[in-house]
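Novice: no sequence on this one, just coordinates:
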């Protein structure tokens with residue numbers, strides 16, 4: 001429909017240029033269907049006809065299509081059929097899957113979405129084939145390195161090699177500027193992320209793929225009398241994939257081996273008078289594998305070594321009047337090992353706060369900074385998470401909000417972002433976790449809501465996991481882990 005002129009050259013000679021735009025005197029019809037009469041002189045014998053279609057008048061503007069056809073011209077009536085092939089001005093590659101798991105041989109089908117210079121999708125053969133290339137040829141192999149038409153695809157095979165993090169597949173042609181070709185990124189992940197959630201409603205631990213949406217069933221559910229789960233409030237996963245669950249009622253931390261499912265006994269149980277556990281809520285691991293536990297009733301944080309089991313004493317305890325700890329709930333650690341503790345003091349008519357402690361803090365250690373006050377927007381603060389830039393995200397159970405604070409924020413700090421409003425779906429938000437892209441996962445009611453990185457204001461979640469199949473029953477703490 002954007003074609004305005006055509007040039008027809010015979011045997012490489014000077015072309016005949018005709019106006020074929022809608023409304024041209026040489027054409028009938030309009031829009032995408034027009035019939036045009038063009039007179040071309042050709043000698044008897046075998047002739048080569050070159051046809052080029054332009055977006056502009058008088059053989060100007062972008063080239064939309066071209067074709068070449070050889071025809072024998074005789075004294076009798078003859079016809080020439082020319083199928084004009086689209087000239088690719090921009091292309092985007094798509095795939096049925098863009099993520100593989102390391103160690104697992106897999107395939108994906110690649111297709112091209114090619115547009116002409118007028119922005120129309122080209123259906124049929126391209127004037128010049130698209131040449132495909134993979135940046136990692138050792139772990140990935142293309143079934144073909146050329147796509148010549150819109151209905152042709154290529155298969156990319158990953159051989160399962162552990163020595164790659166992915167590949168980039170590109171498309172090129174003589175007609176195509178490199179800047180107008182969008183590469184296709186294929187990732188190889190060590191293991192796909194899962195959402196681990198503890199459910200207060202049925203005393204269970206569910207594990208759900210992090211890319212799930214809608215009424216998706218969990219891959220695994222730890223539930224039953226043998227599990228020892230009692231009033232669970234948070235979950236943390238260690239480097240081995242074992243999931244640790246805090247039990248408020250019995251003052252325990254129970255751990256379940258990677259892949260545990262059903263009514264299974266814990267592989268580890270930390271409990272007893274030596275542990276210092278008293279109303280354990282928030283859990284988190286640091287880079288050394290030490291487990292941090294917030295103790296709501298004792299106003300302490302206890303730290304256990306990687307091999308802790310049974311009636312094990314903590315290797316460190318943050319406790320005392322200088323700490324500023326008051327009804328500690330959730331906690332999080334940044335990449336440097338600094339501890340960010342949520343103090344849910346509003347539950348007993350106090351003022352909520354976030355207290356930060358230096359790496360290795362022990363005993364009656366004062367926080368290196370405290371965020372608290374009426375400007376913070378905290379209202380029933382319960383759990384927190386720290387993103388890749390050091391921003392602190394806090395869920396506010398009573399306020400139905402998520403507030404975020406800049407790195408270094410202290411005192412009565414105003415949030416740099418607040419997710420709140422009817423579009424958010426937030427209703428008593430509790431557990432919160434962030435993925436590597438800083439997308440925000442939060443439980444709300446009997447749902448897990450996912451917000452895009454940097455979300456602010458009355459924004460809708462990008463995904464919601466919810467429904468009878470989800471297994472969620474008043475979820476509290478959540479974490480993301482393989």
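Specialist: Yep, it's here. Just so you know, these numbers come straight off a predicted model, no measurement behind them.
Novice: list the buried residues for stretch 272-292?
Specialist: 275-277, 279-286, 290-292 (16 or more other C-beta atoms under 10 Å). Just so you know, the C-beta spots here come from the backbone N, C-alpha and C atoms, and that holds for glycine as well.
Novice: ignoring the adjacent residues along the chain, who's closest to residue 301?
Specialist: Once flanking residues are discounted, residue 301 sits nearest to residue 318: 4.2 Å by C-beta to C-beta, 6 or more residues apart in numbering.
Novice: quick check: the gap between that neighbour and residue 467.
Specialist: Distance of residue 318 to residue 467, given as C-beta to C-beta, to the nearest Å: 40 Å.
Novice: what does residue 344 give?
Specialist: 29 Å.
Novice: going along the chain, name the strands of the stretch 351-482 of the chain.
Specialist: 353-357, 369-372, 381-386, 392-396, 401-405, 417-419, 432-434, 440-444, 447-451, 463-466, 475-481 (DSSP state E, counting those that start in this stretch).
Novice: quick one: the fourth one to strand 381-386, angle?
Specialist: For strand 392-396 against strand 381-386, the angle between stretch directions is 160 degrees (axes from the mean of the first three to the mean of the last three C-alpha atoms, to 10 degrees).
Novice: also the longest one?
Specialist: Orientation note: strand 475-481 sits at an angle of 10 degrees relative to strand 381-386 (the same axes, to 10 degrees).
Novice: name the residues that touch strand 475-481?
Specialist: Strand 475-481 is contacted by residues 193-200, 206, 210, 232-237, 241, 243, 246, 281-283, 330, 383, 430-435, 441-443, 446, 448 when judged by C-beta atoms under 8 Å, 6 or more residues apart in numbering.
Novice: quick check on the nearest residue to residue 24 once chain neighbours are set aside: phi, psi?
Specialist: Closest residue to residue 24 apart from its sequence neighbours, by C-beta to C-beta, 6+ apart: residue 36 at 6.8 Å. Backbone geometry at residue 36, expressed as degrees, to the nearest 10, gives phi -120, psi 140.
Novice: residue 36 - how many residues pack around it?
Specialist: Residue 36 has 16 neighbours, counted by other C-beta atoms under 10 Å.
Novice: wait, doesn't it sit right on residue 22?
Specialist: No - look at residue 36 against residue 22 with C-beta atoms under 8 Å: they stay out of range, at 10.5 Å.
Novice: between these two, which contacts overlap?
Specialist: Counting by C-beta under 8 Å, 6+ apart, residue 36 and residue 22 have no common neighbour.
Novice: residue 426: what's it in contact with?
Specialist: Taking C-beta under 8 Å, 6+ apart, we find residue 426 in contact with 400-402, 419-420, 442, 444, 449.
Novice: looking at those, which is nearest residue 147?
Specialist: Taking C-beta to C-beta as the measure, residue 147 lies nearest residue 449 of those, at 39.3 Å.
Novice: any idea what that closest one is bridged to?
Specialist: residue 442, residue 464 (DSSP bridges).
Novice: enumerate every residue touching it.
Specialist: Residues in contact with residue 449 (C-beta under 8 Å, 6+ apart) are 424-426, 429, 441-443, 461, 463-464.
Novice: now with 7 Å?
Specialist: Going by C-beta atoms under 7 Å, 6 or more residues apart in numbering, residue 449 touches 425, 442, 461, 464.
Novice: out of those residues, what pair is the most spread apart?
Specialist: Longest span within those, C-beta to C-beta: 442 and 464, 10.8 Å.
Novice: settle it for me: which of these two has more neighbours?
Specialist: Legend: neighbour count by other C-beta under 10 Å for residue 442 and residue 464, higher for residue 442 (27 against 18).
Novice: any idea what the nearest residue to residue 429 once chain neighbours are set aside is bridged to?
Specialist: With sequence-adjacent residues excluded and distances taken as C-beta to C-beta, 6+ apart, residue 429 is closest to residue 395, at 4.2 Å. Per DSSP bridges, the residues bridged to residue 395 are residue 402.
Novice: which parts of the stretch 1-150 of the chain are strands?
Specialist: With DSSP E, counting those that start in this stretch as the criterion, the stretch 1-150 of the chain has strands spanning 5-10, 16-19, 27-30, 33-36, 45-54, 63-73, 85-86, 90-95, 99-101, 106-115, 125-134, 140-142, 146-149.
Novice: out of the ones you listed, which is the most enclosed?
Specialist: strand 85-86 (a mean of 22; mean count of other C-beta atoms under 10 Å).
Novice: what's it in contact with?
Specialist: Counting by C-beta under 7 Å, 6+ apart, 64-67, 116, 122, 124-127 sit against strand 85-86.
Novice: now do it, average pLDDT.
Specialist: Regarding strand 85-86, the rounded mean pLDDT is 82.
Novice: just stretch 370-388 next, same as before
Specialist: Over the span of stretch 370-388, the pLDDT mean works out to 97.
Novice: so how far does that stretch reach from one end to the other?
Specialist: The first and final residues of stretch 370-388 sit 20 Å from each other (C-alpha to C-alpha, to the nearest Å).
Novice: starting at the chain centroid, how far to it?
Specialist: Chain-centre distance of stretch 370-388: 25 Å, with C-alpha atoms, centre = their mean, to the nearest Å.
Novice: any buried residues in that stretch, and which?
Specialist: In stretch 370-388, counting by 16+ other C-beta under 10 Å, buried: 370-372, 376-378, 380-387.
Novice: likewise stretch 239-253?
Specialist: By neighbour count with 16+ other C-beta under 10 Å, stretch 239-253 contains the buried residues 242-248, 251-253.
Novice: from those, which land in strands?
Specialist: 243-247, 252-253 (DSSP state E).
Novice: dump these into JSON lines; add pLDDT as well.
Specialist: Formatted as JSON lines, those follow (pLDDT from 0 to 100):
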{"residue": "243", "pLDDT": "98"}
{"residue": "244", "pLDDT": "98"}
{"residue": "245", "pLDDT": "98"}
{"residue": "246", "pLDDT": "98"}
{"residue": "247", "pLDDT": "97"}
{"residue": "252", "pLDDT": "98"}
{"residue": "253", "pLDDT": "98"}
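Novice: spatially, which two of the residues you listed are the most separated?
Specialist: Pairwise distances across those peak at 13.9 Å for 243 and 252 (criterion: C-beta to C-beta).
Novice: would you list the phi and psi of residue 346?
Specialist: Torsion angles at residue 346 (phi, psi; degrees, to the nearest 10) stand at phi -60, psi -20.
Novice: and the ones in strands among the buried residues of stretch 239-253, which is closest to residue 323?
Specialist: Distances from residue 323 to these, taken as C-beta to C-beta, are shortest for residue 246 (19.7 Å).
Novice: contacting residues for the closest one?
Specialist: Listed by C-beta under 7 Å, 6+ apart, the contact set of residue 246 reads 232-234, 253, 280-281, 283, 293.
Novice: equivalent analysis for residue 355, please.
Specialist: Residues in contact with residue 355 (C-beta under 7 Å, 6+ apart) are 324-325, 341, 343, 367, 370.
Novice: got the ones in strands among the buried residues of stretch 239-253 as JSON lines, with distance to residue 453 columns?
Specialist: Shown next, in JSON lines, are these (distance: C-beta to C-beta, whole Å):
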{"residue": "243", "distance to residue 453": "25"}
{"residue": "244", "distance to residue 453": "27"}
{"residue": "245", "distance to residue 453": "28"}
{"residue": "246", "distance to residue 453": "28"}
{"residue": "247", "distance to residue 453": "33"}
{"residue": "252", "distance to residue 453": "35"}
{"residue": "253", "distance to residue 453": "31"}
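Novice: all good on my end, thank you.
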